[in-house]
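*Asks:* 3D, please:
(4 chains)
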2 protein chains.
Amino acid sequence: MLGTQAAERLPMPAPTPATSATPARPIRRRAGRPTAAILDQDGITTAALELISTKGYDGLTMAALARSLGVAPSALYNHVSSKDDVLLLLEDHLAAMVDVSAFGVEPWDSAVRKWAWSYRDVFSEHTPLIPVIAVLPVANAPKTLAMYEAVTAGFREAGFPEEKIISAIVALEAFVFGAAYDVTAPEDIFDAGSLADQVPNFTAAVDRLALENHPRPTDVAFSLGLEALITGFGALRG
Amino acid sequence: MLGTQAAERLPMPAPTPATSATPARPIRRRAGRPTAAILDQDGITTAALELISTKGYDGLTMAALARSLGVAPSALYNHVSSKDDVLLLLEDHLAAMVDVSAFGVEPWDSAVRKWAWSYRDVFSEHTPLIPVIAVLPVANAPKTLAMYEAVTAGFREAGFPEEKIISAIVALEAFVFGAAYDVTAPEDIFDAGSLADQVPNFTAAVDRLALENHPRPTDVAFSLGLEALITGFGALRG
DNA sequence: ACCAATAAATGAATGCCATTCATTTATATT
DNA sequence: AATATAAATGAATGGCATTCATTTATTGGT
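*Replies:* Numbering: from 1, shown residues only, chains lettered A, B, ... in the order given. Prediction:
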């Protein structure tokens, strides 16, 4: 789907008739306004996601992005103001993938649970966006705003005191973002190595957790914290 | 101009390692092993912190760091393997500033409270380190390890079930890191701007919180979440 | 139907960045 | 005394985001 969309935007033959069926890279297009616009923000977002999924965030450079779209790097700047702007587009796209469907339908606690888990899952694959989100005014991210609206409405309907709704969402979000980082941590992150004998309590606790043989320790920690937050916040409802 | 080191233009003498009697403004040092080593990891860490406090993390470049120490950029690589290595040194230095003194002295809940608040306060000034911490094996960070040891011991002494200690700490840490980002957010981050009428519940909740007129909304959210976590985890103690 | 303005592309800079490398030389080791 | 090592220098290297002058097809006004 991604490749298809990008390919459809490629002008087939402009100066020299191209015989190749799949001109993935080096079409030489002459400068000047093309018959139809090649780029737009949706296409850039889609191409960026595709690039990230294959090359990771290290591979997301303006040059690589332009190349995947069959365009010169400078052409991108007619549609985004900076690379941060691209990250903003990505963030808003991903916000729309977070599951808020249970709010107003299921009980408050299970709606929060679904939201938080999906929120964490979506952004654990995109942690480089988190520093951007933290500083991003929501006014520039309509889908993110829509997510907040759904969650806020769910809290209100559940009888949450109005003046605490935003604080509770912010706290849950903080936990979600931190937990998203935790997902990316290497398995042996808590291996103390040669210093193990200097931290006996810590080493024992790490070993003890390993004995439980959980498939994903990060999920255990997330569940533990999330349930505590849900229980604590649930008590605030009137 | 490119070749001449800018040490002469330094407005203030660089913080030099205690072991070095090197003049603050070396005019032109010839290549080769100096009488006494100019650089070491402590000096690099101190200079990096100073640089960050004046120029921010954007100003923390290997070139700027070298300049503040009065050496060539390449000299740094005799003492650190990469810029990420510098960030690691910073992280470990900061971990030692986190307050774990209450564990084993005060009741468990107030010890956790003090730890979490100071942890957040320390790293809210250093959020660019958070992505590094998340992937950093603790074996390379002795002071960080010492912090974990103190916290783990405190949990055990408080009667926390051994197999849940690490998960609880990980969850608390996730919340702390996320909250550290939140501290850096601009005040008007939740201003929906022209889209306000499309998100009435959200806008109302934001306005309602503003009515409370708290000095720092971020602190209200942090307190709300932290107290829920402390209450929830406290119930796990045997 | 012309003509000016605009939008959207090109490619060639620009300047910054982390990192590497050959070289130098004072000190430490044998 | 000879040699090895540690720690510095300065000159690349390659990658990066971004800017700018230029080109040209389309649009909108008269």
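
*Asks:* Just say helix, strand or coil for A:A36.
*Replies:* What DSSP: H, G, I helix; E, B strand; the rest coil gives for A:A36 is coil.

*Asks:* how about low-confidence regions in chain A?
*Replies:* For chain A, residues meeting the criterion pLDDT under 70 lie at A:1-27.

*Asks:* please redo it, this time with the cut-off set to 90
*Replies:* Under the criterion of pLDDT under 90, the regions of chain A flagged as low confidence span A:1-39, A:133-136, A:140, A:238.

*Asks:* Helices along that one, start to end?
*Replies:* A:2-9, A:41-55, A:62-68, A:73-76, A:83-95, A:108-124, A:130-135, A:142-157, A:162-184, A:200-212, A:217-234 (DSSP state H).

*Asks:* which parts of chain A sit against DNA strand D?
*Replies:* Taking C-beta under 7 Å from any atom of the strand as the criterion, the neighbours of DNA strand D within chain A are A:30-36, A:60-64, A:73-74, A:77, A:82-84. All C-beta atoms are positioned from the backbone trio N, CA, C, and that covers glycine.

*Asks:* so of the helices of chain A, which one's packed in deepest?
*Replies:* Among the helices of chain A, judged by mean count of other C-beta atoms under 10 Å in any protein chain shown, the one packed with the most neighbours on average is helix A:162-184 (a mean of 24).

*Asks:* and the angle for that helix with helix A:108-124?
*Replies:* Comparing the axes of helix A:162-184 and helix A:108-124 via axes from the mean of the first three to the mean of the last three C-alpha atoms, to 10 degrees yields an angle of 40 degrees.

*Asks:* With distance to DNA strand C added, can I get the helices of chain A in a markdown table?
*Replies:* As requested, the helices of chain A are arranged in a markdown table below (distance: least, C-beta to the nearest atom of the strand, whole Å):
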| stretch | distance to DNA strand C |
| --- | --- |
| helix A:2-9 | 8 |
| helix A:41-55 | 9 |
| helix A:62-68 | 7 |
| helix A:73-76 | 3 |
| helix A:83-95 | 12 |
| helix A:108-124 | 25 |
| helix A:130-135 | 17 |
| helix A:142-157 | 20 |
| helix A:162-184 | 19 |
| helix A:200-212 | 30 |
| helix A:217-234 | 27 |
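
*Asks:* I'd like these written out as a markdown table, with distance to B:W117 added.
*Replies:* Shown next, in a markdown table, are the helices of chain A (distance: least, C-beta to C-beta, whole Å):
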| stretch | distance to B:W117 |
| --- | --- |
| helix A:2-9 | 45 |
| helix A:41-55 | 36 |
| helix A:62-68 | 40 |
| helix A:73-76 | 43 |
| helix A:83-95 | 29 |
| helix A:108-124 | 23 |
| helix A:130-135 | 19 |
| helix A:142-157 | 26 |
| helix A:162-184 | 14 |
| helix A:200-212 | 22 |
| helix A:217-234 | 17 |
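
*Asks:* what's the residue at minimal distance from the centre of chain A in contact with, if anything?
*Replies:* Residue closest to the mean C-alpha point of chain A, counted by C-alpha atoms, centre = their mean, is A:F123 at 3.6 Å. With contact set as C-beta atoms under 8 Å, 6 or more residues apart in numbering or on different chains, A:F123 has these partners: A:L94, A:L129, A:I130, A:V176, A:F177, A:A180.
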